[in-house]
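Asks: next comes the sequence, and after it the predicted model I'd like to discuss.
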Amino acid sequence: MEIKKESCEREANPPPREREPFAPKNIFFADGRFGGTRSEIRWLVCAFLILVSTVSCGSGLGVPKGSGREEISIAVSSNPRSLDPAFATGVTEGEITAKIFNGLVRFQGAGVVADLAETWSVTPDGRTWRFRLRRGVRFHDGRGFSARDVAYSFERILDPALHSPRRWVLEKIKSIETPDSGTVILHLSSASASFLSLLAMPAAYIVPAGTGGKSSGFGRHPIGTGPYRFREWEDDRHVLLERNPDYFGGAARAKHVRFLVIPEPLTALALFRRGALDLTPVPSPQWPRLLSNPPPGRLLTADQLVTYYVAINTERFPDSRVRRAMNLAVDRNLIIEKILAGLGTSASGPVPPALLPRPLDPIPYDPVRAEELLDEAEFDRARRIVLLRSSNRAALEPATVIAGYLRDIGLNVKVEPMEFASLRARVNNADFDLCLFNWYADYPDAENFLVPLFHSRNVGSAGNRARFRDARTDRLLDRIERLPAGRKRDEAVLAAVARIRQEAPWIFLWYPRQALAVSSKLDRYTAPVIFNGDKGLEY
Amino acid sequence: MLFRLGARAASLFFVLLSVTFLVNGLLYLVPGDPVDSLVGQSVSEEMRRELREEMGLDKPFLKQYLHFLERLVHGDLGRSLITRRPVAESLLERFPRTMLLAFAAVLFAVAVGVLAGMVTALVPGTLVDRGVMVLAVLGVSLPVFVVALGLRYCFAERWPLFPPAGYGGAAFLILPALTLGSRSAAYLARVTRTTLLEILNENFIRTARAKGRSRWGALVVHALPNAAAPLISVILLDLAMYLNGSVITESIFAWPGLGRYALTAIFQRDLPAIQGVVLVTAATYILVMNLADLLRFWLDPRIRREGSR
C-alpha cells in the first residue's frame, strides 16, 4: 500500500528535469520547490524554544524572590565615584555614604538632629561648639569610636594635601580640641547659623583615625559607624551593603541593601515592574503612564530642595529690566502641568518654600508687562540670544518651551544643546547668554540657595554662574551668614530674596517634586527632603 | 609570511601610537574639565586650580603626552582622575564582559544570519525569501535602541522570559546579545544569500549536482566553503566593533561593560581612563582585522597564490 502511494506521488510529481528539458538559468533550483526542509525548520524552531526555556528557567531570571527583608534593591543612575566622604560630591555618593557613615549630627526633614553627638552647646558668640559624643559606638571593623576619630576626620578634610573638593564645608573650623574621649570642642573663625547643617553633610562624616589619603583605597572599602556596612562594589553594576547588627540606633530591618547602577530610567521602571527593584525614581514623562497603570507597590511624590533656573549672564544683560522682562515672559504653571506632569511648584525666587520663613507669591506670567519693560530698557530685540541647555533628554522640552516664551515677547532666542562638560566650561568662562541649570541643596538652609549663587565673591564656578554683582545683595548675604538663627536672620533672608527677585539675575523657574515607585516591602519608607538624609533604617 | 607578520606588527605599533596621540590632542582641545565632574555642582576657582595642578592638567600638552607614553612603557595605564582606581584594573574587569556579549552576539548573528541566507538562497523569489529579506532590511535599518526596547517589551515585560536588564547568569545575556546581534544577523543573511546565489550558478555546483549531490549537500559542502571568505570578513568586522563596547546596548540593559566605562570617562573628561579604553579598543580592532586577513589568506588559495608571488 505504502509503496504504491509513494509511487503515485512520484508520478504526480515527475522530476522537474524531465519537465524542463533545457537547463534553467540557475541549475540549482532545477528541481523546483524547496521541499523536504520544512521538518528541518520545525526542528530548529523547537531547539531554539527548548534553549530559550532552559536558559530562562534555569537562571531563575535573577529576580530576587522576596523572602521578607533579605534584600532591598535601590536604583541609582550612576556609578559612585568614591565612597570616601571626603570625595562624595554627587547624589549617588551622598545616598550611599549616608548609610555607611554617621556625622556628629544628621538631617531629619529640613532640620538637624543628634547622631554621633548626643548633645551640644554653643557659646553666645556662636564661635565655640561643644559636642558630647555617644559612648560605646564601634566602627564596622570593631574599633571603638572616640573624640580622636572626630578630630582626625575633620583635620583630614581640612588638610590641603588631601585635595578634598569639600574642604569648604569645614573651612570655618579654626581649631579642634578633644579634652576627653567623649568631648569635642570646635573653635570657629566666625559664627555661622548654618554650621550645624554643614556638620550633617557627607564631608563631615566620621571616618576611623588613620584612614589615610586619596590612594589609600578607603574610597572603595569604606569603614564607618552607620546602620549598614560595606560589603561589595562592582563598577557600573552594584554596591552591596549589609546590616550592621551592632548599630547604636538599633539594627536596620533589611539584611542587605543593594544599589543597582541603572543608567536608563526606563530600564529601572521595567525592573521595578518585575519586582527586581524596591525603590526607583520615576522621570516625569513616565509619571502619567505609571499613574494610569500602577505597578505593584506605592507611588510617592515628595518635595525636593532643588531649584531650576535659567542663569542670565548679567555681564551681557546689565539692565535688570530686561532680565525682569524675561522672568515675566515664562508661563511656569503651564510648563509644570504639560511637561513636568504636575511634578513641580512655580518658583517665587531662588529659595524653595520649605526653607523660607514665610511663603512668597510665585513670579507672575505677564507678557504684556514684559514687553513694556523691554521697551523701557530700549532693548535691541534683533540681538541674537543663545539659550544653552545640556544635551540631557530632561532639558530638551523645558528649554525649547522657555525659548518659545522668550520669542513671544519679541526676543531673538535660539536653543543650543551641549554636552554637559562643554556647557559647564563655557559657563565658567562667561561665554554664554542664557543657560538652563539646577541647584540641589547641599544642606537644608536658605543660605545654601543664596550665598554660593549670588554673592559676588562666588562669581563663576563657585556657583554664581549669572556673574551677578550687587553690593546690596552682598551686604544682606553677609548678614545671613553672620546672624544666628532667629527672626533677624529670617528678615534678612526675605530681604535678600526680594532684592534678588528685583534684580533678576536668573529666570526663576520651578521647584521640582520627585516621583518615586516604592515596593510593598518598603512599607515604612518616606522620601527624604534631602538626598543624603536617608539612613535606611526603615527599609 | 614571517616578513608579512613583522610588517603587520610594525604597522600595529604605529597605528596605536598615532591613535593615542590623536586622542590626547583632541581631548586637550575639547572644552570641559575633569575637575568639574569631580567637584559636584560648585567649587571655588582656587580649589579648581589646586585640583588641576594635582592632576597635572596645568602642564603643556606635549609634556602631558610624553608623561603618558613614559607611563605606558612601564606598563602603567595610570589611575582614573575621578575614581582613583587603576585604569588597568577597571579594563580587566570589563573587557571579559564586553567580550562575552560580543561573542554571544556574533554567535547568534552567524547562526541566524547564515542559516537565513542559506534558506533564502535555496528559494529565491518565493514568499519565504521575500519575508526573510524584508526582515533583514528591517534588522539592518532599525536603530539599536528600538530593537532593544522592542525585545525588552516582548520578552521581559509582555512575556517575562528574561530579566529586563542587569548582569549575571546566561539569562541576562540573551536580550542584549540578540539586540546587538540582530543587525549583524540581518546583514549576514543578505551577504550570505547574495554570495551563495552567485556561487550556485557556477559550473562546479552543476557538476556536483550532476554527480548526485542533494541540494543541501551541494550547498553546505560545495557552495558554503566558497562563500566563507567574504562572510568571515563581515563576521570579524562586526566582532571587532562589538569588542569595542556598545554604548547603547550596554546602557539600556545595564550591562557593566567597556562601552559604559568609555562613555562615563568621556563625559567626565577622565583622561587616563579614555586613553586606556582607546588603547585597548584600537589594539583589539587591529588584531581582529589582521586575524581576518590571515584567515582569508589561509582559507582562500587564490589569495595565497597572489600573496606568495
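Replies: Perfect, I can see it now.
Asks: can we go C-alpha only for contacts and neighbour counts from here?
Replies: OK.
Asks: which residues of the stretch 201-309 of chain B lie near chain A?
Replies: B:201, B:205-206, B:209, B:215, B:251-256, B:260-261, B:267-269 (Cα under 8 Å from any Cα of the partner chain).
Asks: give the lowest-confidence helix or strand of chain B, using mean pLDDT as the measure.
Replies: Ranking every helix and strand in chain B by mean pLDDT, DSSP states H and E puts helix B:301-308 at the bottom, with a mean of 66.
Asks: considering the residues of the stretch 201-309 of chain B next to chain A, which possesses the most neighbours?
Replies: residue B:255 (30 neighbours; other Cα atoms under 10 Å in any protein chain shown).
Asks: list the contacts for that residue?
Replies: Contacts here follow Cα atoms under 8 Å, 6 or more residues apart in numbering or on different chains; on that basis residue B:255 touches A:236, A:237, B:165, B:166, B:167, B:249.
Asks: and what of residue B:217?
Replies: Going by Cα under 8 Å, 6+ apart, residue B:217 touches no other residue.
Asks: in which helix or strand does it reside?
Replies: Residue B:217 is part of helix B:215-217 when elements are defined by DSSP states H and E.
Asks: following element in sequence after that helix, please.
Replies: Using DSSP H and E, the next helix or strand after helix B:215-217 towards the C-terminus is helix B:224-243.
Asks: CA atoms only for that next one, dumped as PDB, please.
Replies: The C-alpha coordinates for helix B:224-243 follow below in PDB (Å, rounded to 0.1, in the frame of the first residue of the first chain):
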ATOM      1  CA  LEU B 224      29.400  27.400   1.600                       C
ATOM      2  CA  PRO B 225      33.200  27.000   1.800                       C
ATOM      3  CA  ASN B 226      33.500  29.100  -1.300                       C
ATOM      4  CA  ALA B 227      31.300  31.800   0.300                       C
ATOM      5  CA  ALA B 228      33.300  31.600   3.500                       C
ATOM      6  CA  ALA B 229      35.900  34.300   2.700                       C
ATOM      7  CA  PRO B 230      33.600  37.300   2.400                       C
ATOM      8  CA  LEU B 231      31.400  36.000   5.200                       C
ATOM      9  CA  ILE B 232      34.300  35.700   7.600                       C
ATOM     10  CA  SER B 233      35.300  39.300   6.800                       C
ATOM     11  CA  VAL B 234      31.900  40.600   7.600                       C
ATOM     12  CA  ILE B 235      31.700  38.500  10.800                       C
ATOM     13  CA  LEU B 236      35.100  39.500  12.100                       C
ATOM     14  CA  LEU B 237      34.500  43.200  11.300                       C
ATOM     15  CA  ASP B 238      31.300  43.100  13.400                       C
ATOM     16  CA  LEU B 239      33.100  41.200  16.200                       C
ATOM     17  CA  ALA B 240      35.800  43.800  16.300                       C
ATOM     18  CA  MET B 241      33.100  46.500  16.500                       C
ATOM     19  CA  TYR B 242      31.300  44.800  19.300                       C
ATOM     20  CA  LEU B 243      34.500  44.100  21.200                       C
END
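Asks: what's the average pLDDT for it?
Replies: Averaging pLDDT along helix B:224-243 yields 90.
Asks: which strands or helices does that helix pack on?
Replies: helix B:87-109, helix B:170-200, helix B:271-299 (3 or more Cα pairs under 8 Å, 6 or more residues apart in numbering or on different chains; DSSP states H and E).
Asks: now that helix: buried residues?
Replies: Neighbour-count burial for helix B:224-243 flags B:224, B:226-229, B:231-243 (criterion: 16 or more other Cα atoms under 10 Å in any protein chain shown).
Asks: how about stretch A:358-368?
Replies: Of all the residues in stretch A:358-368, those buried under the rule 16+ other Cα under 10 Å are A:360, A:362, A:363, A:364, A:365, A:367.
Asks: most tightly packed of the helices and strands packed on helix B:224-243?
Replies: helix B:170-200 (a mean of 24; mean count of other Cα atoms under 10 Å in any protein chain shown).
Asks: distance between that one and the chain's centre?
Replies: Centroid separation for helix B:170-200 versus its chain: 14 Å, with Cα atoms, centre = their mean, to the nearest Å.
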